[in-house]
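Student: this is a predicted model, with the sequence first.
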Amino acid sequence: MTTATAAATAASAAARPAIHCRDLVRIFSAEGVEVQALQGLGLEVAPGELTALVGASGSGKSTLLSILSGLDVPTAGQASVAGFDLLAMRERDRVGYRRHVVGFVWQQTGRNLIPYLSAAENIALTLAVAGAPRSGRAARATELLELLDIGELADRRPQQLSGGQQQRVAIAVALANEPEVLLADEPTGELDEANSALVLEAMRAVNERLGVTVLIVTHDPGVSDHVRRTVQIRDGRTSTETLRRTEVADDGAERHIAEEFAVLDRVGRLQLPPDYVAALDLKHRVRLSLEDDHAEVRKGDAE
Ligand SMILES: Nc1ncnc2c1ncn2[C@@H]1O[C@H](COP(=O)(O)OP(=O)(O)OP(=O)(O)O)[C@@H](O)[C@H]1O
């Protein structure tokens, strides 16, 4: 590739979203019953962002992650990761996509690592499967384990590691082939609070140091302490989003600010938070009115 072509490729990678979902629908049919796991979901993640997707059990988180990781195919809508169209991708391209474009960390520590290989050998195996030359594999494993502050654990097998250490090795394995996007499904689901915090900080560190885009899917609202952007998923759609930022006042004191936004989709739909609906006893119909600089939602009169 010439320098000019490489620069153009890098520029177009920076211009497109790392993850793009629009009107995404996934319907499962089981024993004659249809379940709409995703009901027109929209989500845009920019390159280099660290985002958490939080939702209750059954809200559609794992369904979305299976689609983004190329293991499942949506029923309708648009989904692309790093410019790869997940609805149009052929089966044989999915293998390359899973090997080179995305990395995953799953909840079950046992699913991430091969039990009879050491931490370093787990990384080296991933590199071997992807066709990396033998000569550079050990050095790459050392580099990744050191990046995750577990260089001294290189020769231990998973059963000789704590759950939190296993998940940090799993992050190293997921990053071995330099994926553009790292996907994590409940990576702290089997961990206590202290180990969860370590794993989430490791996610943040690799995001900051390597620039890899990270999407963490979880039901644990505590994740929001570790990321700037938290997107809520409810009934198969993204509903609200919380953005955090740090402001430095004139006296040098830092203030942490969190703002919650409702997500407006492409055709203007939004979900009212359930506590608003309950507090105002909203049902079936509401009154909408447009004011100079805002819109109002009020209870509809009785029929
Ligand atoms: N293969 C399937 N067949 C039928 N229904 C399914 C299938 N997979 C998921 N569902 C249904 O789709 C909905 C969303 O499930 P999903 O696993 O994505 O939710 P989740 O938010 O990840 O939940 P949890 O946190 O409990 O894992 C649920 O109602 C679930 O029962």
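Tutor: Done, it's in. Quick caveat, the model's predicted, so the values are computed rather than measured.

Student: so who does the residue in the stretch 151-300 of the chain positioned nearest to the ligand touch?
Tutor: Closest residue of the stretch 151-300 of the chain to the ligand, Cβ to the nearest ligand atom: residue 219 (4.9 Å). The C-beta positions use only the backbone N, C-alpha and C, and glycine is treated the same way. Listed by Cβ atoms under 8 Å, 6 or more residues apart in numbering, the contact set of residue 219 reads 54, 55, 56, 57, 61, 186.

Student: residue 201: how many residues sit nearby?
Tutor: By other Cβ atoms under 10 Å, the residues close to residue 201 number 12.

Student: what helix or strand does the most centrally placed residue in the chain sit in?
Tutor: For the chain, the residue nearest the mean C-alpha position is residue 215 (1.7 Å; Cα atoms, centre = their mean). Here residue 215 sits within strand 213-218, counting by DSSP states H and E.

Student: any residue of whichever helix or strand comes after that strand touching the ligand?
Tutor: As assigned by DSSP H and E, the chain's next helix or strand after strand 213-218 is strand 229-234. No - applying Cβ under 6 Å from any ligand atom, one finds strand 229-234 out of contact with the ligand, separated by at least 7.0 Å.

Student: what lies in contact with strand 229-234?
Tutor: 41, 43, 49-56, 59-61, 64, 223-224, 238-244, 263, 271.

Student: that one pairs with which strands, parallel or anti?
Tutor: Here strand 229-234 has these sheet partners by DSSP bridges: strand 50-54 (parallel), strand 237-248 (antiparallel).

Student: could you give the angle of it to strand 213-218?
Tutor: Counting by axes from the mean of the first three to the mean of the last three Cα atoms, to 10 degrees, strand 229-234 points 40 degrees away from the direction of strand 213-218.

Student: what residues of strand 229-234 count as buried?
Tutor: 229, 230, 231, 232, 233, 234 (16 or more other Cβ atoms under 10 Å).

Student: and which of these is nearest to residue 254?
Tutor: residue 229 (18.9 Å; Cβ to Cβ).
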